[in-house]
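> sequence and predicted model, in that order:
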Protein chains: 2
Amino acid sequence: MANPVDFYFDYSSPYGYIAAMKIDDLAAKHGRGVDWKPILLGAVFKVTGAQPLPTLPLKGDYAKRDITRSARFHGIAIRYPSKFPIASQAPARAFYWLNDRDPGLARQLAKTLYQAYFVDDRDISSPDATADVAATLGLERDEVLAAISDPAIKERLKSEVDAAIKRGVFGSPFIVIDGEPFWGVDRFDQIERWLTQGPF
Amino acid sequence: MANPVDFYFDYSSPYGYIAAMKIDDLAAKHGRGVDWKPILLGAVFKVTGAQPLPTLPLKGDYAKRDITRSARFHGIAIRYPSKFPIASQAPARAFYWLNDRDPGLARQLAKTLYQAYFVDDRDISSPDATADVAATLGLERDEVLAAISDPAIKERLKSEVDAAIKRGVFGSPFIVIDGEPFWGVDRFDQIERWLTQGPF
């Protein structure tokens, strides 16, 4: 089987959410797996100097409109969250903890967390909220909370984010296929062509 | 005939160039004309705080790769310019001057200037370079130079840019269809759907 596709995303990223709902199917269609990698845009933006979308003059207003329109375009349910952006350390740590134990369930957790935030308008930034969502998948709430505050897991997330930045990841979603980088759910058309025919 | 599509672009914008090569055909397919409106991203970025792509850490390197790949994806010839970005007052002023006299020829000039910069790697930022390109379309070199330094034309460009910013235009290409804004050549798929079926 060909190399898996690397899928970088931040839990607070609406375009990351749309991509998350589509990436597994797209990759599978071309015989690829997907390696999910939550990152923290806050840490990335310290390097790039970028700012969260809602704070940007003109672009912030446009983004709000474009996010919901893009979701409709891709056939993905979305509700613009009451609080945006949010800190995403807790869900990201929960993901890496679970991914080492059960990658399939970790992916399911990732999608469920994203839907809790972008469909049900639940603020998933706190350890408690993340653990509540994890519990709906049968995970032990206390185990999840322990993982989120575990120094080793905190360090793991930090090193994943550092490695992503070192690789040139500066946004969400960010997809790397055999070394070729694609930024944004609006590159899914190019990703599809790349997976179909290779470099173009 | 339905309202024309408003097409905002900066002559120094590679994604604007790709869009410029496609917008007329796309609009015509749906019975629409196109109102071409060169703008100055430098003035826009003073409002938004944005910076030119090549100066951005990580994103600058990606952009260089994405620009040529996106051109290939859309089947548009491109050579990454030796000097990028460039000031675009001269070609923008020449456009508005000519557009009041002969809109069809102005559009042809716009495309020819874009190709001079993004295919032939000619720096079109100076009045002389812009006049040279205009001359290849049969325009009088001296008339073009006079227009570029005409205070009324300078004021015209300024007011067009101000009006664009007031309307929320913050990038290039930027397309407005019956009040709905679309930023980027990567929104052409959404534009196509909007032109086909209306709001979604």
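Now that the structure is in, tell me what you want to look at.
> around chain B, pick out the residues from chain A.
Counting by CB under 8 Å from any CB of the partner chain, the residues of chain A close to chain B are A:44, A:47-51, A:56-59, A:61-62, A:65-66, A:69-70, A:72-73, A:165, A:168-171, A:181, A:183-184, A:186-187, A:189-190, A:193, A:200. Any C-beta I mention is one placed from the backbone N, CA and C, and that applies to glycine too.
> only the buried subset of these, as a ChimeraX command please.
Here is the ChimeraX command that selects the buried residues among those (16 or more other CB atoms under 10 Å in any protein chain shown):
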select /A:44,48,50,56,58,59,62,66,69,70,73,165,168,169,170,171,181,183,184,186,187,190
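> so which of the residues of chain A next to chain B are in helices?
A:44, A:47-48, A:59, A:61-62, A:65-66, A:69-70, A:72-73, A:165, A:189-190, A:193 (DSSP state H).
> please name the nearest non-neighbouring residue to A:Pro199.
A:Glu180 (7.2 Å; CB to CB, 6 or more residues apart in numbering or on different chains).
> wait, the one you found sits on A:Phe200?
No: A:Glu180 lies out of contact with A:Phe200 (CB atoms under 8 Å); the separation is 10.1 Å.
> what touches both of these two?
A:Trp194 (CB atoms under 8 Å, 6 or more residues apart in numbering or on different chains).
> buried residues, stretch A:21-38. List them.
A:Met21, A:Lys22, A:Ile23, A:Asp24, A:Leu26, A:Ala27, A:Arg32, A:Val34, A:Trp36, A:Lys37, A:Pro38.
> return the subset of those lying in strands.
Members of the buried residues of stretch A:21-38 lying in strands (criterion: DSSP state E): A:Val34, A:Trp36, A:Lys37, A:Pro38.
> tabulate the residues you listed (CSV), appending distance to A:Asp120 and pLDDT.
Output for those, formatted as CSV (distance: CB to CB, whole Å; pLDDT from 0 to 100):
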residue, distance to A:Asp120, pLDDT
A:Val34, 24, 98
A:Trp36, 21, 98
A:Lys37, 24, 98
A:Pro38, 19, 98
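> from those residues, pick the one nearest chain B.
Closest approach to chain B among these (CB to the nearest CB): A:Lys37, at 16.0 Å.
> is there a neighbour count for the residue nearest to that closest one when sequence neighbours are not counted? I'd like the number.
The spatially closest residue to A:Lys37, leaving aside those adjacent along the chain, is A:Tyr8, at 4.9 Å (CB to CB, 6+ apart). The number of residues packed near A:Tyr8 is 28, by other CB atoms under 10 Å in any protein chain shown.
> my read: A:Tyr8 touches A:Asp35, true?
No: applying CB under 8 Å, one finds A:Tyr8 not in contact with A:Asp35, separated by 9.4 Å.
> list the residues that contact A:Tyr62.
B:Gly168, B:Phe170, B:Pro181, B:Trp183.
> what separates the second one from chain A, distance-wise?
Here B:Phe170 is placed at a distance of 4 Å from chain A (CB to the nearest CB, to the nearest Å).
> and if you look at the last one?
With distances defined as CB to the nearest CB, the gap from B:Trp183 to chain A amounts to 6 Å.
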